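In: Build me a model from this:
(chains A and B)
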Amino acid sequence: MTFNGHLIIVCVMAALFLVVITVGAGYSQGAQIAPVAVGLVGLLCTLGETRGRHESSDSRGSNHESGMKEFPVDLFLWLLSLIVLVVLLGLIAGAAMFVAAFLRWRERRTWVSSLATSIATTGFVYFVFEVLMDVLLFRGVLQLY
Amino acid sequence: MFELLSASLFQIFTSPYLLLTIVAAVFIGSFFGLVPGLGGTLAMVLFIPLMIGRDPLYGIVFLIAMHAVVHTAGSIPSILFGIPGTGADAATVVDGLPMTQQGKAGTALGAALFASAVGGIIGGMFLLLMLPVVTPVINLITPSEYFLLAILGISFMSAVSGSSLRKGVAVGCLGLCFSFVGISPQSAEMRFTFGQIFLWDGLDLVTLVLAVFAIPDLLFLDRRKKHTLEKMHTYTLGHVISGIKMVFVHRWLAFRTSLLGAVIGLVPGMGGDVASWMCYGHAVQSSKNPDQFGKGAVEGVIAPETANNSKEGGALIPTLFFGVPGSNGMAVFLLALTILGVQPGPGLLAEQGGLVTSLIVTLVLANLLAVAILLPASRYLAQFASIPAGTVIPVGLVMIVLGSYLSSGNWEYLLILYAMSMLGFGLKYYRWPRAPFVIGVVLGANAETSYLQAITIWDYGFFLKPLSLILIAAICSSVAVYFWRRRQEREHQRAGLHYDV
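Out: Down below sits the predicted model:
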């Protein structure tokens, strides 16, 4: 897992630099210099890390951050759900549903505690932005249809 | 000049209405700093309409006092929750959040707030001392100096790269690549926008910083729940005082970074983000224990906080005397000056010198008041850090999404936030440094634009200008210091230790 994860970071960064170089090379002469030059330097440094990965390992022989045993896939799924809810339903409704659901099903809180935290959070956001500052928060793409 | 200064002091301290205006502005500014996603620019935009028709002095004093303290209060959510309100506050997260996780929230808050006051005062003094020489100094800064200053900032990537310069440069280059998104300064063609209109103006810095710093740090709380809660119970007011003492211990660092922040603020277009990251880089570079940075070094909190506040004094110089705003906040302030009937420009000092010195007094006074209010309150504010991680994570994620949306104004940025947060988490998880990414994003556009301008005006001869040579020497020294430190570390058989930020 550790070895593969390090390689994944190297591969993702190398892929990003390759995109920058390839796409950047297609621009006019003045616009391509910086992206291509920076992309090449970045790519070389990234590829150099495939050779030097063991140097980054700590004294315990691990090269991942202490305190984290595995990549928190579930938390990223929760984050994705927040973004999907906000994009579809808007900031207030999406955030309220997310906080309540997270506390109830992931943190095993009671319904009362989950709903109270959810209402307090979104109520604060609504009061500060919509009421006090008259800022129109995102209503969600569903409202467009 | 000193007659004007004493007259301004007398006017402010003998006018209860002016003093109340400053106090109210400090409270409002602190609120805008405390809530992630608000910030000083939004505060000014919202309050400008309320100032129309009022005495220009009161309006300007209110706005500048409010804007001056936003970063002071902004350090609090950065330290307690790792959620920076702006890109400038992100530098405080790097060491502020680890301090909180180690049960040193009080020390970090005390150091950050007091350092902010020091920075604000030195920034105000800098503005005062620069008044007689303001015109020739500003005229020295041409595109070639802009470019080399940006390169100097980029050279600090080495200082924050930790044990692997290669990793730091790779991540920094990635940040630079992200700064190229948008309109090319050379040919006005769209680069890396892939047909998306929301990318035409470039990527939103706050969204990138939130993704690379705030989300990974917040998600890490999940695995440190017990650790965080146990340590929080040990917090006392004594920790806040020990934080203040740490600023005195590192007084020369505070002085240097305050001065550096004010100088960077003086250069239009550099802004607070550059100031805080450059000063963070300087703190790492000049420290005897660079391996502690990113793990809770108090110098890593002091340096960006002094710079954040001192740069306001410097930024006022081009705004007031040349009508050239150095940042978004100063652009809005410039608009406010015009609306209130004050004409910025070289003649401002001669025509309305009293107003200028009143601004300086306000800048210093607002910073002192903010600390006087926030320091006692920090004891209670720090209690927020003991909220269970299970509650902090969902609420924090909502605040981050809100901050990204408010900063960018586009829901499409939420998708970028998600994608970049995975990259940011991967970088943190596998001990790749993240600070060079932000330095690259912040300085990339500046470096490219000013390089193209300098080449057009002077061709490659701009490298031989006297000020350019001084800056080139500074850049070489910055890189040389890194290699010298690495060599020293090897000599002391400390190659096994490393620091990642």
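In: Show me how far the host helix or strand of residue B:437 is from its chain's centre.
Out: In this assignment (DSSP states H and E), residue B:437 forms part of helix B:435-458. Remark: helix B:435-458 is offset 18 Å from the chain centroid, using Cα atoms, centre = their mean, to the nearest Å.
In: Packing partners of that helix?
Out: helix A:29-51, helix B:87-101, helix B:143-155, helix B:165-179, helix B:205-209, helix B:271-286 (3 or more Cβ pairs under 8 Å, 6 or more residues apart in numbering or on different chains; DSSP states H and E). Every C-beta, even on glycine, is put in place using the N, C-alpha and C of the backbone.
In: If we use 10 Å, what do you get?
Out: Contact here means 3 or more Cβ pairs under 10 Å, 6 or more residues apart in numbering or on different chains; DSSP states H and E; on that basis helix B:435-458 packs against helix A:29-51, helix B:87-101, helix B:143-155, helix B:165-179, helix B:205-209, helix B:271-286, helix B:413-429.
In: buried set for it?
Out: Of the residues in helix B:435-458, B:435-455, B:458 count as buried by neighbour count, 16 or more other Cβ atoms under 10 Å in any protein chain shown.
In: Show the low-confidence segments of chain A, by residue range.
Out: A:1-4, A:51-69, A:145 (pLDDT under 70).
In: Quick one: end-to-end length of stretch B:79-95, please.
Out: For stretch B:79-95, the first-to-last residue distance is 8 Å (Cα to Cα, to the nearest Å).
In: residue boundaries of the strands in chain B?
Out: Applying DSSP state E to chain B gives strands spanning B:182-183, B:190-191.
In: Kindly compare burial across those and name the winner.
Out: Among these, strand B:190-191 has the highest mean neighbour count (mean count of other Cβ atoms under 10 Å in any protein chain shown), at a mean of 20.
In: my guess is residue B:88 meets residue B:278, correct?
Out: No: contact criterion Cβ atoms under 10 Å: residue B:88 and residue B:278 do not qualify, at 11.1 Å.
In: the more surrounded of these two?
Out: Neighbour count, other Cβ atoms under 10 Å in any protein chain shown: between residue B:88 and residue B:278, residue B:88 has more, with 33 against 30.
In: could you measure the more buried one against residue B:304, distance?
Out: 7 Å (Cβ to Cβ, to the nearest Å).
In: Please identify every residue contacting each of the two.
Out: Shared contacts of residue B:88 and residue B:304 (Cβ atoms under 10 Å, 6 or more residues apart in numbering or on different chains): B:71, B:75, B:78, B:261, B:272-273, B:275-277.
In: Just put those in TSV and tack on neighbour count.
Out: Below are the shared contacts of residue B:88 and residue B:304 laid out as TSV (neighbours: other Cβ atoms under 10 Å in any protein chain shown):
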residue	neighbour count
B:71	34
B:75	32
B:78	33
B:261	34
B:272	31
B:273	28
B:275	35
B:276	32
B:277	30
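In: Make CSV from those and add pLDDT and distance to chain A to it.
Out: Shown next, in CSV, are those (pLDDT from 0 to 100; distance: Cβ to the nearest Cβ, whole Å):
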residue, pLDDT, distance to chain A
B:71, 82, 19
B:75, 84, 20
B:78, 83, 19
B:261, 88, 27
B:272, 63, 22
B:273, 70, 19
B:275, 82, 23
B:276, 83, 23
B:277, 82, 18
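In: Can you name the two of these that sit furthest apart?
Out: Farthest-apart pair in these is B:78 and B:261; separation 16.5 Å (Cβ to Cβ).
In: Now do the contacts for residue 27.
Out: Assuming you mean chain A. Applying Cβ under 10 Å, 6+ apart to residue A:27 gives the contacts A:33-36, B:180, B:184, B:186-187, B:189-192.
In: wrong one, chain B
Out: Residue B:27 touches B:66, B:69, B:73, B:369-370, B:373, counting by Cβ under 10 Å, 6+ apart.
In: ok, the residue located most distally from the centre of chain A to chain B distance?
Out: If you look at how far each residue of chain A sits from its centre, by Cα atoms, centre = their mean, the farthest one is residue A:29, at 33.8 Å. Separation of residue A:29 from chain B (Cβ to the nearest Cβ, to the nearest Å): 8 Å.
In: need the helix or strand of chain B with the lowest average pLDDT.
Out: helix B:225-232 (a mean of 48; mean pLDDT, DSSP states H and E).
In: What residues does residue A:25 make contact with?
Out: A:32, A:35-36, A:39.
In: Just put these in TSV and tack on distance to chain B and neighbour count.
Out: Putting the contacts of residue A:25 into TSV (distance: Cβ to the nearest Cβ, whole Å; neighbours: other Cβ atoms under 10 Å in any protein chain shown) gives the following:
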residue	distance to chain B	neighbour count
A:32	9	21
A:35	5	26
A:36	10	18
A:39	6	26
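In: now those residues as CSV including distance to residue B:110?
Out: Output for these, formatted as CSV (distance: Cβ to Cβ, whole Å):
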residue, distance to residue B:110
A:32, 50
A:35, 44
A:36, 48
A:39, 44
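In: which one of these sits closest to residue A:93?
Out: Distances from residue A:93 to these, taken by Cβ to Cβ, are shortest for residue A:35, at 40.1 Å.
In: Please look at that closest one and residue B:448 and confirm they touch.
Out: Yes: in this structure residue A:35 lies within contact range of residue B:448 using Cβ under 10 Å: 9.1 Å.
In: Mutual contacts of these two, please.
Out: Joint contacts of residue A:35 and residue B:448 (Cβ under 10 Å, 6+ apart) are B:176, B:179-180, B:184.
In: Kindly reformat the residues you listed as JSON lines containing pLDDT.
Out: Output for the shared contacts of residue A:35 and residue B:448, formatted as JSON lines (pLDDT from 0 to 100):
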{"residue": "B:176", "pLDDT": "91"}
{"residue": "B:179", "pLDDT": "90"}
{"residue": "B:180", "pLDDT": "91"}
{"residue": "B:184", "pLDDT": "87"}
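In: Include neighbour count when you put these into JSON lines, please.
Out: Listed next are the shared contacts of residue A:35 and residue B:448 as JSON lines, based on neighbours: other Cβ under 10 Å:
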{"residue": "B:176", "neighbour count": "31"}
{"residue": "B:179", "neighbour count": "23"}
{"residue": "B:180", "neighbour count": "24"}
{"residue": "B:184", "neighbour count": "21"}
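In: which pair in the residues you listed spans the largest distance?
Out: The two members of those with the most space between them (Cβ to Cβ) are B:176 and B:184, at 14.3 Å.
In: got the contact list for residue B:201?
Out: B:181-183, B:193, B:408, B:410.
In: That'll do, ta.
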